[in-house]
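Enquirer: here is my input, please return the structure:
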Amino acid sequence: MSADAEIVESYQFRRECVWRLVQGRKLVFLDMNIWIDMADGKKSEAQAIKEMLAAMVTAGQIVCPLSAPLIWELYKQDFSKHRTGTLMEDLSLNVSFTPTLEIFDWEVECFATRLADQNSDGCSRKMLFVPISGYLSSRFELQFPTEGTESERGEIGNAFKDRLESLTLTELINMRKDDMSRFLKARPATPYQ
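Expert: Prediction:
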């Protein structure tokens, strides 16, 4: 092997931990405008809804999971990004849906599994949810130099995965600062199809 050879290790988020947060709760989906109105607190109706949702999340009755499009929209907010992000973090329990393509693949796999009359743990609803940093992908790879040991790679990889799984939405916002906002605003708008 050459000196610049690398070892690639694959990782997936622990969906069971996220599933324990959402299991048994009703899912409430909110549009970005609703999130902004609730965070602003200027409208009495929005304030009442925010208080009701917060009480229901605290009581373990509901969760308001996020998705990649909502998080991308949050990055575009200039004046209320942190205020809205904090509210989203509280009501979502830092849970996001997996990316759309992963959900599509999951649905096809479950359909084929049922068609073949087989049982599969992979068809559990827990496959739909990931930690907030998983809004981009539920899996990732790390590249290591060949000089390290398997034990060192495992220790570093697991520490990295633990940190990604524990990130909060507001931490992601602060990490990205305005870089993500500038990037998203410069992208051409893609019409919904």
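Enquirer: going forward, measure contacts between C-alpha atoms and count neighbours the same way
Expert: OK.
Enquirer: residue boundaries of the strands in this protein?
Expert: 6-12, 26-27, 62-63, 95-97, 129-131, 139-145 (DSSP state E).
Enquirer: which residues of this structure score low on pLDDT?
Expert: Residues of the chain meeting the criterion pLDDT under 70: 1-5, 119-123, 176-193.
Enquirer: now do the helices in the protein.
Expert: 15-22, 32-40, 44-58, 68-76, 81-92, 100-115, 150-166, 169-176, 179-186 (DSSP state H).
Enquirer: and Arg125, which of those helices is closest to it?
Expert: The closest of the helices of the chain to Arg125 is helix 15-22. By Cα to Cα, the value is 8.3 Å.
Enquirer: run a quick neighbour tally on the nearest residue to Lys43 once chain neighbours are set aside.
Expert: Nearest non-adjacent residue to Lys43, counting by Cα to Cα, 6 or more residues apart in numbering: Asp37, 7.1 Å away. For Asp37, the neighbour count with other Cα atoms under 10 Å is 18.
Enquirer: which of the helices of the chain is buried the deepest?
Expert: Burial of the helices of the chain is given as mean neighbour count (mean count of other Cα atoms under 10 Å); helix 81-92 ranks first at a mean of 20.
Enquirer: what angle sits between that one and helix 68-76?
Expert: Comparing the axes of helix 81-92 and helix 68-76 via axes from the mean of the first three to the mean of the last three Cα atoms, to 10 degrees yields an angle of 150 degrees.
Enquirer: got CSV for the helices of the chain, with distance to Ile7 too?
Expert: Below are these laid out as CSV (distance: least, Cα to Cα, whole Å):
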stretch, distance to Ile7
helix 15-22, 25
helix 32-40, 41
helix 44-58, 43
helix 68-76, 30
helix 81-92, 35
helix 100-115, 25
helix 150-166, 9
helix 169-176, 28
helix 179-186, 30
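Enquirer: which stretch among those helices comes nearest Val130?
Expert: It's helix 15-22; of the helices of the chain, that one is closest to Val130 (Cα to Cα) at 5.8 Å.
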